[in-house]
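*Asks:* Mind folding the following:
(chains A, B, C and D)
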4 protein chains.
Amino acid sequence: MEKIVGPNFDNDISISDLVESMQKVGFQATHLGNAIEILRKIKEDNAFLFLTFTSNMTSSGLREIFAWLCKEKIVNVLITTVGSVEEDLMKSFGDFYAGHSKVNDAELRDRGLNRIYNILVPNERYEAFEKFMEKFLEKIYEKQKKEGKQISPSELFFELGKEIKDDISILHWATKNKIPIFCPAITDGSFGVALMMAKEKHKDFGIDVVADTKKIYEITTEKQENGEDKKTAAIILGGGVPKHHAILFNSLKGGLDFAIYITTASPESGSLSGAPPEEAMSWGKVKENAAFTSVKGDATILFTLLAYCMKDIWKK
Amino acid sequence: MEKIVGPNFDNDISISDLVESMQKVGFQATHLGNAIEILRKIKEDNAFLFLTFTSNMTSSGLREIFAWLCKEKIVNVLITTVGSVEEDLMKSFGDFYAGHSKVNDAELRDRGLNRIYNILVPNERYEAFEKFMEKFLEKIYEKQKKEGKQISPSELFFELGKEIKDDISILHWATKNKIPIFCPAITDGSFGVALMMAKEKHKDFGIDVVADTKKIYEITTEKQENGEDKKTAAIILGGGVPKHHAILFNSLKGGLDFAIYITTASPESGSLSGAPPEEAMSWGKVKENAAFTSVKGDATILFTLLAYCMKDIWKK
Amino acid sequence: MEKIVGPNFDNDISISDLVESMQKVGFQATHLGNAIEILRKIKEDNAFLFLTFTSNMTSSGLREIFAWLCKEKIVNVLITTVGSVEEDLMKSFGDFYAGHSKVNDAELRDRGLNRIYNILVPNERYEAFEKFMEKFLEKIYEKQKKEGKQISPSELFFELGKEIKDDISILHWATKNKIPIFCPAITDGSFGVALMMAKEKHKDFGIDVVADTKKIYEITTEKQENGEDKKTAAIILGGGVPKHHAILFNSLKGGLDFAIYITTASPESGSLSGAPPEEAMSWGKVKENAAFTSVKGDATILFTLLAYCMKDIWKK
Amino acid sequence: MEKIVGPNFDNDISISDLVESMQKVGFQATHLGNAIEILRKIKEDNAFLFLTFTSNMTSSGLREIFAWLCKEKIVNVLITTVGSVEEDLMKSFGDFYAGHSKVNDAELRDRGLNRIYNILVPNERYEAFEKFMEKFLEKIYEKQKKEGKQISPSELFFELGKEIKDDISILHWATKNKIPIFCPAITDGSFGVALMMAKEKHKDFGIDVVADTKKIYEITTEKQENGEDKKTAAIILGGGVPKHHAILFNSLKGGLDFAIYITTASPESGSLSGAPPEEAMSWGKVKENAAFTSVKGDATILFTLLAYCMKDIWKK
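*Replies:* Below you'll find the model as predicted:
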């Protein structure tokens, strides 16, 4: 058994070394420290890496980290909610702001500020988004007509990425590096409203959501050159549909080989968001011999730390 | 100011009376007690009622309560994740079982039992589901070909409800009483895999997800006979895409008039799942003068209590 | 395996029957329903029953329930924090009020209202408490001098209960029915400040906290008439020192035979407050073959429900 | 308004710089980043610094950090539960070990391992503790007899620190640097059992807990040389009695000037553990114009980060 001991305070220490030393601290520090070992194995085994996150994380400064992971080609697939796509785009038009959670929300409403806990999104961002989408979906409709087939969500986001010049955008780098973005709930959010309005103009406009199931299936289950299954890994930030989509499609290849969960949700209410990797094992979504960890806490802190560690690991 | 006082223990008391007396107990009891008053107003104002829930709640015994609310026509719209549709169907084929959360999940895997916290789903349910879906989607494809247009998710679930004879099924009663079920992430889950396989057979098979955005928009924003906006209410159990979909489309009519949230999620990480009604106010998703409450806790307990209260309120 | 099924909605149902039927609902409803079975065994086995709670619960309307449990002699020992003693006393002088959690706390301060989430305590209650305590501790000091020995916390509370005429007071009924109240942190809170001021007047004034360790030890470990260990049970609401004190002293008799935990705390940070009964088993604080359940949620709702069930069980 | 933006990934960055840059990330990252600013003000204003923590943190590797803060004289007062004192002592005798939370606890019991989430404490540590305490309390009793007065908890811990040679012990450095340790619940835990046994031998043995109320009162309220109130600050890790004791005694001087809370508890159940700094403001425990932040999450990660930042700030 390893002894429990605090990190060294005598010398200066890098972020990676600190996180690694947390393995011996106990409680969630240990769970976070364990992630380093798993990340190293993911890199060594050249595992195919899924990153899933919810849209509030794109509202936060994690957006730049997700973009960087795409830029550096460290991740292979993104799965998220449609709010992430909306907000990545909006942030290319202008900023979101730091606010407070204890405020008068009726007052914010009058000031045209939409609150996400302590982050504020000015109405202007949504207006710019709507204007942009109107034109963009017109183009997509033209493409649909020309090609005689509906576009799938991941193809739509690929086209969207081409439009964005902002080099700290997730969409920009995902498109540039051909990293598919899956979003099983594309009609939710303002994106859905934009789609509704496009269809209002063009009755035959549609999105082929089923096409993406085949695409993610093939990506997940494709064999290595030697005919063996490839190893798959997932970093799952928060819960919801993105988390489920990743583990579900991995179950079709026998389960994830590596899983790192970061979540604030608890398992006791049976929600998928709070379900630990062990539970996924009963479903064959995570392999019985998988390396996994689940860290309870806010991804804005925990994943920022891990991303710095990934930088060190992948740069070697 | 109202005084804080415990409930009366001298006499017998009905469930509704107990929940009502909780208003004076403080903390979450007060929040739960407040829901009674809001439910009464919803009934009095004949508000249009959205019910949203996540699929784990359908895994639980809340399924029968949801079905009962549809049977009694107390709710007007359901929004959920696709797992709810799958599991309501599966439960028509056979039972789910009570288990434990502290178990060996690898062992469960070997025994063909899939775990959702302390609920177990035998593999046989999924097998029956897959077999059923293969035939059912064949019919849907025939319908698509005949009508020359793709079916939307809510239309698909309407058809599905026709197939189910089980009279404690959500789908059965929703179809019978024309209560639409919206599901913005239809390609997630085993349902998504079934859709993928149908498309594998019929390349031109598809689901028109955008059509449902218009449908939910019209339902939400339609005027009363007197030309005024109708009042809308939402009971939101848990978070995720169903919650967001309900409040988003209500923002297009100026916000919800009544909102009851039951959730285990906390707001501090900025997740939509944990966002309180006040936050939704800054977005115009809940009206500034709305009557609302948010109760923290597990819906299997809290909504069971509220459903009994609804029975009393609606029966009057 | 038991099947998962919702409660019956066709007939009227008592609170006990509803809670019992929750066993089959899954998630926390199952954990709550399990408590009924354990309560029945506690009653049948005539187990010695510890009730522990934190002071915020006495701030709430649970105070009247705790008093009722003492009046009915259903519980044998109370363990709590000193705030509970203070507030039970204060409530005999006047009311606490229902407020809101989203308020301007600086404004409340100006209005002389102290906030406990959504419960408000007027400054006047504290003023009355201080005035009362000054006189009361003078009496206690006289007693100390007369008897030549310091009083222990549980003896002090016994004396305190004699002073209270309010027949919905915990202290009143605990004294009347000789139910000891243990409080391992008597110097915390306004009570501690009152003790400090008493000692300021009388340098030799003191409280014999160590005496209560022996008292709780003897109560916990005393044998039955037949020489066998008596069975012990604990209902543990929330965490903190009261929880630990109960399970620690029970470990000295081989562990609790029955344990019902109700808590909002999670285990992941290693806090005692969130530690599940299983963890206590490794310490011998809960027996390996104990009947136990842990329900996650707010005691103002959950324990109110269980208390109604206890009424039914104990009345039979 | 400040814009939301992720941290810089192009260059290497120190731990302090990373934590500082988190201010702009949103959600809990912002709350953590805010702590840096508050820590700088605490240092600049030479504020009197309280550190409170629960015993599970001493079980973890934070123990070495707490010891280091005492060694460096960065903190002025410690308030904790008695388990911290026990475990600091035990760790001087031998190690605690890293384990897992999903284990068979009955099996651990048989192996003589006591579990605190994922930390294991061998029975041998407790045996060594008991043996040590028996002798130590004999000495304390001798001292009591010689001096004709009972010892207070903080004086007892001061004596205890003299016995410990381990230079990564909290007690060792607290004694060496005359940093008082307050513990309002000294009779809880194995410490309480040891006190009980000492009193069993010597009926007149006792601990003067009331004396410590005066001591903490004087320390907290003592004026600066210029006659003004000194500024006070508190870093509050977790909740419970230690948290309450710190803020209560600070209310007697008009409230804390600076407060940093790190907790996993939520406010909704009204527990003191989850009560935010704003709530304390209504009580006058935190000043209306105080600088404060509350970070939700596990202290093993979050306080480790902050402690590195404190190192940088205090070394300047």
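
*Asks:* tell me the contacts of A:Ile79?
*Replies:* Applying Cβ atoms under 8 Å, 6 or more residues apart in numbering or on different chains to A:Ile79 gives the contacts A:Phe50, A:Leu51, A:Thr52, A:Ile181, A:Phe182, A:Cys183, A:Pro184, A:Ile216, A:Pro242, A:His245, A:Ala246. Every residue, glycine included, has its C-beta placed from N, CA and C.

*Asks:* Adjacent strands (with direction) for the longest strand along chain A?
*Replies:* With secondary structure taken from DSSP state E, chain A has its longest strand at strand A:286-296. Within its sheet, and counting by DSSP bridges, strand A:286-296 is paired with strand A:256-263 (parallel).

*Asks:* which element follows the partner strand toward the C-terminus?
*Replies:* The first helix or strand that comes after strand A:256-263 along the chain, using DSSP states H and E, is helix A:277-282.

*Asks:* Look through the stretch 51-200 of chain A and state the residue closest to chain C.
*Replies:* Per Cβ to the nearest Cβ, A:Lys102 is where the stretch 51-200 of chain A lies closest to chain C, at 7.1 Å.

*Asks:* doesn't C:Val103 make contact with that residue?
*Replies:* No. Using Cβ atoms under 8 Å, A:Lys102 makes no contact with C:Val103, being 9.3 Å away.

*Asks:* Looking at these two, which has the bigger crowd around it?
*Replies:* Neighbour totals were compared for A:Lys102 and C:Val103, and C:Val103 leads with 17 against 14 (other Cβ atoms under 10 Å in any protein chain shown).

*Asks:* burial count for the residue nearest to that one when sequence neighbours are not counted?
*Replies:* Nearest residue to C:Val103, sequence neighbours excluded (Cβ to Cβ, 6 or more residues apart in numbering or on different chains): C:Arg115, at 7.1 Å. Applying other Cβ under 10 Å, we find 23 residues neighbouring C:Arg115.

*Asks:* any idea how far the longest helix belonging to chain A is from the chain center?
*Replies:* Ranked by number of residues, the top helix in chain A under DSSP state H is helix A:123-147. Put simply, helix A:123-147 sits 23 Å off its chain's centre (Cα atoms, centre = their mean, to the nearest Å).

*Asks:* The closest residue to A:Asn46 other than its chain neighbours: neighbouring residues, count only.
*Replies:* Once flanking residues are discounted, A:Asn46 sits nearest to A:Lys231: 7.6 Å by Cβ to Cβ, 6+ apart. A:Lys231 has 19 neighbouring residues, counting by other Cβ under 10 Å.

*Asks:* Is A:Lys231 in contact with A:Ala47, as I believe?
*Replies:* Yes. With contact defined as Cβ under 8 Å, A:Lys231 and A:Ala47 form a contacting pair (4.1 Å).

*Asks:* which residues do those two both contact?
*Replies:* Joint contacts of A:Lys231 and A:Ala47 (Cβ under 8 Å, 6+ apart) are A:Asp257, A:Phe258.

*Asks:* returning to what we had before: the residue nearest to C:Val103 pairs with what?
*Replies:* Under the criterion DSSP bridges, C:Arg115 forms beta bridges with C:Leu120.

*Asks:* Can you name the residues that contact it?
*Replies:* Counting by Cβ under 8 Å, 6+ apart, C:Arg115 touches C:Gly99, C:Ser101, C:Val103, C:Asp105, C:Leu108, C:Val121, D:Glu279, D:Ser282, D:Trp283.

*Asks:* what's the pLDDT at it?
*Replies:* If you check C:Arg115, the pLDDT there is 98.

*Asks:* now do A:Gly99
*Replies:* Looking at A:Gly99, its pLDDT reads 96.

*Asks:* so what's it up against?
*Replies:* A:Leu108, A:Leu113, A:Arg115, A:Asn118, A:Ile119, A:Leu120, D:Met1.

*Asks:* show me what contacts A:Leu39?
*Replies:* Neighbours of A:Leu39 in contact, by Cβ under 8 Å, 6+ apart: A:Ile260, A:Leu306, A:Cys309, A:Met310, A:Ile313.

*Asks:* The fourth one reaches A:Leu69, doesn't it?
*Replies:* It refers to A:Met310. Yes. Using Cβ under 8 Å, A:Met310 is in contact with A:Leu69, at 7.3 Å.

*Asks:* neighbour-wise, which of the two wins?
*Replies:* A:Met310 (27 against 24).

*Asks:* wait, A:Tyr97 sits on D:Ile4?
*Replies:* Yes. Applying Cβ under 8 Å as the test, A:Tyr97 and D:Ile4 come out as touching, 6.4 Å apart.

*Asks:* overlap in contacts of these two?
*Replies:* A:Ile119.

*Asks:* the more surrounded of the two?
*Replies:* Between A:Tyr97 and D:Ile4, counted using other Cβ under 10 Å, the more crowded position is D:Ile4 (29 against 16).

*Asks:* From what I see, that one and A:Ile119 are in contact.
*Replies:* Yes. Assessed by Cβ under 8 Å, D:Ile4 is found in contact with A:Ile119 at 5.6 Å.

*Asks:* Run a quick neighbour tally on A:Leu171.
*Replies:* A:Leu171: 25 surrounding residues under other Cβ under 10 Å.

*Asks:* Tell me the first helix or strand C-terminal of the strand or helix carrying it.
*Replies:* Under DSSP H and E, the secondary-structure element containing A:Leu171 is helix A:170-176. Per DSSP H and E, the first helix or strand lying C-terminal to helix A:170-176 is strand A:181-182.

*Asks:* Partner strands of that next one, with direction?
*Replies:* Partners of strand A:181-182 in the sheet, by DSSP bridges, are strand A:77-80 (parallel).

*Asks:* Could you look up the SS state of the residue of chain A most remote from its centre?
*Replies:* Largest separation from the mean C-alpha position in chain A: A:Asp10, at 37.1 Å (Cα atoms, centre = their mean). Three-state call for A:Asp10 (DSSP: H, G, I helix; E, B strand; the rest coil): coil.

*Asks:* separation between it and chain C?
*Replies:* Distance of A:Asp10 to chain C, given as Cβ to the nearest Cβ, to the nearest Å: 26 Å.

*Asks:* Chain D versus that residue, what's the distance?
*Replies:* 9 Å.

*Asks:* and the gap between that residue and A:Ala47?
*Replies:* 36 Å (Cβ to Cβ, to the nearest Å).

*Asks:* Same check on A:Leu252?
*Replies:* Distance from A:Leu252 to A:Ala47, by Cβ to Cβ: 17 Å.

*Asks:* No more questions from me, cheers.
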